[in-house]
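Peer 1: Show me how the following folds:
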Amino acid sequence: MEVISTKETQGNKLYIIEEDGRTYTAEPIFTERKPHSRIIIEVINKIKEIITERTDRINHQAYVKYIDIKKINQEYCLLSEGEKEFQPLFSCMNDQKPGLEKVLKWMRTLGEVFKEAEDNDVELSSPGLHTLAVDREGNLLVFDPDIIGRIEQYQKTTANYPAKEVYYPPEYYKKELLDRKSSLYSAGVVFYYLLTGKWPYSSSDKADLIDEILNTKPVEPRYLNLKISNELNTFILMLLQKDRKNRLKDWTEFLETFQRMKDNKQLKALQDQTDKRRKMADKMLRTARRKRGFRVFWRKYWKPIAIIAVVIVLFLSMGLLDGTDSIVTEETSPEEVVSLFYKGIEDKMIQNLDESCLVDLKNLENMVMQTYVIERMRMAYNVTDSDESSSVFGLEELIIDREDNKERPVFSASYYFYIYQPEEMEENMELSEMEELKKDEFFMEDIIKLERIDNKWQITEIEGDIKYLIEGNIEELIVRKEDE
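Peer 2: Coordinates of the predicted model:
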């Protein structure tokens, strides 16, 4: 075995060697650090198992097939046939800004490799940009993600790859079963980036990133790349569905759907589609930033006070805060019950909500409880100059009217719901900067129905815009109201 040349890619060496008249590429495994001998042996043995298992089961020309591990110049190296020269796909994206045609070709290639593995009962781990490269002709190369996963922590790289958490599907964080649909999700993350140059979720804080993955929708890729067709846009979003039941079934369906869109010329946007969405793109991106800012806002200011909030709930349940006497009695009229309910929201009085309403208020009750603490903390630390400006959210111009209903008291309520949030939340925003938050205001209408329970009037049904707050869908409320 003779080393005939040495190359370098992304800070790592490649040996080009010859043996028995054949040429091989050898990639050193432990370049950044070398673990203990026991770990080295475990890594090498596991990789050899993977190589042996997959030798004749994945033969696609884009799949980088390793054939053995050899020691060259005192370094353990992965051997593959031929002289390979490649560039990591991530750096290629930054250097060349490939067009839609090339990205679509890469998408199909990745699908073909994973389908071949699927057809031959090989369970490849999920793909990521760190497992993909391009050759000199610009063709996609797919490195075995299971092998890369074993060695990447020991390798040096100059590429600024995203946190691995961005590739993991929601079921990973819910400790549920990972399957082929999970790899389709990860591929969707890769395709989203290749098509738009952006990640579907991008928080730098890992806790916020996981919250995004579990609870928010990514910006539709067609608004980040106007050349993407509506059908391709839907295709990518289907891969990124949080509920895996709504994703594509397998890689066979992936390729069939992709080929059908290609045959029907549905991969590129028509000119009229491009013109229409260009007008909408800025608005959608602003809305997405504000939605993300809102979630970061609540996460940032609720975490430090979680323990205080629990204590307050405990005190409230024991009748130790906000009054110990009942505020809803047998003499309290239906009109007064409804007024107490909305006063509870405006003044963050959890006792009002508990005594006036039998409906499960879910997220609304948590908002009221935790915002009570936030507002009082702001006032205590003199963050704002007045009680009014210390408010995080509330109601204005409330009008309550009784409907003509002989069977039971029914009321309509109209008001403006306001909330202070940043136009664009900065990750390092301090509590002292909260007075700079922007006030958003939306007109709301509700229907409130009451019944006499244990000789007291109680709210038993709630309909209308307030349901968004109860279900915790404030982001959807903001988008809907902005569209009206």
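Peer 1: Please enumerate the strands of this protein.
Peer 2: For the chain, strands defined by DSSP state E occupy the ranges 2-9, 12-19, 22-28, 63-64, 66-72, 75-81, 86-88, 132-135, 140-143, 393-402, 410-421, 438-453, 456-464.
Peer 1: How far away from the center of its chain is the first one?
Peer 2: In terms of Cα atoms, centre = their mean, to the nearest Å, the centre of strand 2-9 is set 41 Å apart from its chain centre.
Peer 1: Kindly report the same for the shortest one.
Peer 2: On the basis of Cα atoms, centre = their mean, the separation between the geometric centre of strand 63-64 and that of its chain is 30 Å.
Peer 1: Just list what that strand packs against, helices and strands only.
Peer 2: Here strand 63-64 is seen to pack against strand 140-143 when contacts are counted using 3 or more Cβ pairs under 8 Å, 6 or more residues apart in numbering; DSSP states H and E. Where you see a C-beta, it was placed from the backbone N, CA and C, and this is true even at glycine.
Peer 1: Adjacent strands (with direction) for the strand it packs on?
Peer 2: Strand pairing for strand 140-143, using DSSP bridges, gives strand 63-64 (parallel), strand 132-135 (antiparallel).
Peer 1: CA atoms only: put the longest one into CSV for me.
Peer 2: Coordinates of the C-alpha atoms in strand 132-135 are reproduced here as CSV (Å, rounded to 0.1, in the frame of the first residue of the first chain):
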residue,chain,number,x,y,z
LEU,A,132,-23.8,15.2,2.6
ALA,A,133,-21.2,16.5,0.1
VAL,A,134,-20.7,17.2,-3.6
ASP,A,135,-18.1,15.9,-6.0
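Peer 1: Quick check: buried residues in that strand?
Peer 2: 132, 133, 134 (16 or more other Cβ atoms under 10 Å).
Peer 1: hang on, the earlier thing: reformat the strands paired with strand 140-143 as TSV; add mean pLDDT.
Peer 2: Shown next, in TSV, are the strands paired with strand 140-143 (pLDDT from 0 to 100):
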stretch	mean pLDDT
strand 63-64	94
strand 132-135	92
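Peer 1: low-scoring stretches of the stretch 1-150 of the chain, by residue?
Peer 2: Low-confidence segments of the stretch 1-150 of the chain (pLDDT under 70): 10-11.
Peer 1: show me the contacts for the nearest residue to residue 89 once chain neighbours are set aside.
Peer 2: In space, and not counting its chain neighbours, residue 89 is closest to residue 132: 4.1 Å by Cβ to Cβ, 6 or more residues apart in numbering. For residue 132, the contact set (Cβ atoms under 8 Å, 6 or more residues apart in numbering) comprises 88, 89, 90, 106, 110, 140, 141, 142, 143, 190.
Peer 1: Neighbours of residue 216, how many?
Peer 2: Residue 216: 18 surrounding residues under other Cβ atoms under 10 Å.
Peer 1: That one and residue 200 touch, don't they?
Peer 2: No - between residue 216 and residue 200 there is no contact, the gap being 9.3 Å when judged by Cβ atoms under 8 Å.
Peer 1: So which residue is dead centre in the protein?
Peer 2: Against the mean C-alpha coordinate of the chain, by Cα atoms, centre = their mean, the closest residue is residue 213 at 2.4 Å.
Peer 1: Now it. Nearest residue, chain neighbours left out?
Peer 2: Using Cβ to Cβ, 6+ apart, the nearest residue to residue 213 is residue 201, at 5.4 Å.
Peer 1: number of nearby residues for residue 278?
Peer 2: Residue 278: 11 neighbours (other Cβ under 10 Å).
Peer 1: Residue 281 too?
Peer 2: Residues contacting residue 281 under the criterion other Cβ under 10 Å number 17.
Peer 1: Tell me the spatial nearest neighbour of it, not counting adjacent residues.
Peer 2: residue 223 (4.5 Å).
Peer 1: Just list the residues touching the one you found, thanks.
Peer 2: By Cβ under 8 Å, 6+ apart, the contact list for residue 223 reads 277, 280, 281, 284, 285.
Peer 1: distance of it from residue 273?
Peer 2: As judged by Cβ to Cβ, to the nearest Å, residue 223 and residue 273 stand 12 Å apart.
Peer 1: Show the model's pLDDT score for the closest residue to residue 239 other than its chain neighbours.
Peer 2: Take residue 239 and drop its neighbours on the chain: the residue closest to it by Cβ to Cβ, 6+ apart is residue 188, 2.9 Å away. Here, the pLDDT recorded for residue 188 equals 96.
Peer 1: unless I'm mixing things up, residue 188 is touching residue 232, no?
Peer 2: No - using Cβ under 8 Å, residue 188 is not in contact with residue 232, being 11.8 Å away.
Peer 1: hmm, back to that, identify whichever of the strands paired with strand 140-143 lies nearest to residue 475.
Peer 2: Evaluated with Cβ to Cβ, the strands paired with strand 140-143 place strand 132-135 nearest to residue 475, the distance being 32.5 Å.
Peer 1: Run the chain-centre distance for that closest one.
Peer 2: With Cα atoms, centre = their mean, you get 26 Å for strand 132-135.
Peer 1: how about CSV for the buried residues of strand 132-135, with distance to residue 373 added?
Peer 2: What follows is the buried residues of strand 132-135, written out as CSV (distance: Cβ to Cβ, whole Å):
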residue, distance to residue 373
132, 47
133, 51
134, 53
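Peer 1: Tell me how many other residues crowd residue 463.
Peer 2: Around residue 463 there are 12 residues (other Cβ under 10 Å).
Peer 1: Chain neighbours aside, what residue packs nearest to it?
Peer 2: Closest residue to residue 463 apart from its sequence neighbours, by Cβ to Cβ, 6+ apart: residue 447 at 4.3 Å.
Peer 1: Report the beta-bridge partner residues of the one you found.
Peer 2: Beta-bridge partners of residue 447, as defined by DSSP bridges: residue 412, residue 463.
Peer 1: any idea how far it lies from residue 405?
Peer 2: Per Cβ to Cβ, residue 447 is found 10 Å from residue 405.
Peer 1: Compare the two (neighbour count), which wins?
Peer 2: Counting neighbours by other Cβ under 10 Å for residue 447 and for residue 405 shows that residue 447 has the greater number, 14 against 10.
Peer 1: Hmm, that one is touching residue 409, no?
Peer 2: No - the criterion here is Cβ under 8 Å, and residue 447 misses it with residue 409 at 11.5 Å.
Peer 1: coming back round to it: list the contacts of the residue nearest to residue 213.
Peer 2: Contacts for residue 201 (Cβ under 8 Å, 6+ apart) come out as 166, 209, 212, 213, 216, 218.
Peer 1: mind listing the helices for the stretch 151-300 of the chain?
Peer 2: Listed in chain order, the helices of the stretch 151-300 of the chain (DSSP state H, counting those that start in this stretch) span 170-173, 180-196, 206-215, 230-239, 251-263, 271-302.
Peer 1: hey, least reliable of those helices by pLDDT?
Peer 2: helix 271-302 (a mean of 69).
Peer 1: mind giving me the domain ranges of the chain?
Peer 2: 2-81, 87-293, 301-483 (automatic domain parsing).
Peer 1: Just name the most buried of the ones you listed.
Peer 2: Most buried of the domains of the chain, by mean neighbour count (mean count of other Cβ atoms under 10 Å): domain 87-293, with a mean of 17.
Peer 1: one step back: how about the strands of the chain in JSON lines, adding distance to residue 55?
Peer 2: Converted to JSON lines, these look like this (distance: least, Cβ to Cβ, whole Å):
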{"stretch": "strand 2-9", "distance to residue 55": "25"}
{"stretch": "strand 12-19", "distance to residue 55": "18"}
{"stretch": "strand 22-28", "distance to residue 55": "15"}
{"stretch": "strand 63-64", "distance to residue 55": "11"}
{"stretch": "strand 66-72", "distance to residue 55": "7"}
{"stretch": "strand 75-81", "distance to residue 55": "12"}
{"stretch": "strand 86-88", "distance to residue 55": "21"}
{"stretch": "strand 132-135", "distance to residue 55": "21"}
{"stretch": "strand 140-143", "distance to residue 55": "16"}
{"stretch": "strand 393-402", "distance to residue 55": "61"}
{"stretch": "strand 410-421", "distance to residue 55": "56"}
{"stretch": "strand 438-453", "distance to residue 55": "60"}
{"stretch": "strand 456-464", "distance to residue 55": "63"}
